[in-house]
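Engineer: Would you be able to build a 3D model of this:
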Amino acid sequence: MFGTPVSRRSAGLSLLYLVGSLGMTFPVMLLLSTVAPDFTERMGRSLFFGTMALLCGAGGLLWGAHLARVARSGHARGWAAGGALGYGLSAPLATFGASEAETYLLNSAQQGAHYPMHLAFALIFATVLLLVVGLTTLGVGVASGRGWRALSLAGVGAATAVACFLAVDLVFDLAGWRVGAPRAEERSTMLVVLATSLLAATAAAGAVVGRKLERA
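Structural biologist: Purely as a prediction, here's the structure:
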């Protein structure tokens, strides 16, 4: 998976631009809430997701442009546009969906419902990865002129990300770091497992997608 220079560079670009732009949403929102607290409170969640869309769009643009260079394509602008559109739309939409699902589960738990939280966690974020990686890769695949083969590229990228995420999550679970277990919050289990799994999944999917684009 990471055996070629293109795979390794593609993985690094995915971590730098995709994860980096998503992560920038939180310090930017903190800055906005400090500088303009009234405006931030008035705008509410729409400001958060709007900021995420802009930042992820910029991250997707840079990712697509640099990926085109790594894959030796002469259509960097098209790849950049595909990455910006795919990631800029899918990241906030998937995050919104995950937030709504989490809110529903928490409200249900307060009303007496019982869910295996570690399974719900795996299902929610595996779905998030499926959508985000699939749509982002599809955008670049279409922009690279792959036609219907863009669907194959998106499927491979999304499947790689989901499989890697679930594998890392399972390793943590078997090692005693189960999300939702008693006293799990004392060592921030969910954050640790989520961050590690997402980083691994992003790197793996980036490596596979970059390698396939180079071969094309």
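Engineer: Now Phe121: closest residue in space, sequence neighbours ignored.
Structural biologist: Val179 (4.4 Å; CB to CB, 6 or more residues apart in numbering). The C-beta positions use only the backbone N, C-alpha and C, and glycine is treated the same way.
Engineer: so who does that neighbour touch?
Structural biologist: By CB atoms under 8 Å, 6 or more residues apart in numbering, the contact list for Val179 reads 117-118, 121, 169, 173, 189-190, 193.
Engineer: by contact count, what packs against the helix or strand Leu191 falls within?
Structural biologist: Assigned by DSSP states H and E, Leu191 belongs to helix 189-215. Here helix 189-215 touches helix 5-13, helix 45-70, helix 117-143, helix 149-174, going by 3 or more CB pairs under 8 Å, 6 or more residues apart in numbering; DSSP states H and E.
Engineer: Give me the buried positions along the third one.
Structural biologist: Looking back up the chat, that one is helix 117-143. For helix 117-143, the neighbour count (16 or more other CB atoms under 10 Å) marks 117-118, 120-122, 124-126, 128-143 as buried.
Engineer: for the record, mean pLDDT for it?
Structural biologist: Mean per-residue pLDDT for helix 117-143: 92.
Engineer: Report the distance from it to the chain centre.
Structural biologist: 7 Å (CA atoms, centre = their mean, to the nearest Å).
Engineer: follow-up on the earlier one: can you tell which of the helices and strands packed on helix 189-215 is closest to Gly86?
Structural biologist: helix 117-143 (2.7 Å; CB to CB).
Engineer: Checking the closest residue to Met190 other than its chain neighbours next. Helix, strand or coil?
Structural biologist: Nearest residue to Met190, sequence neighbours excluded (CB to CB, 6+ apart): Val179, at 4.9 Å. Following DSSP: H, G, I helix; E, B strand; the rest coil, we place Val179 in the coil state.
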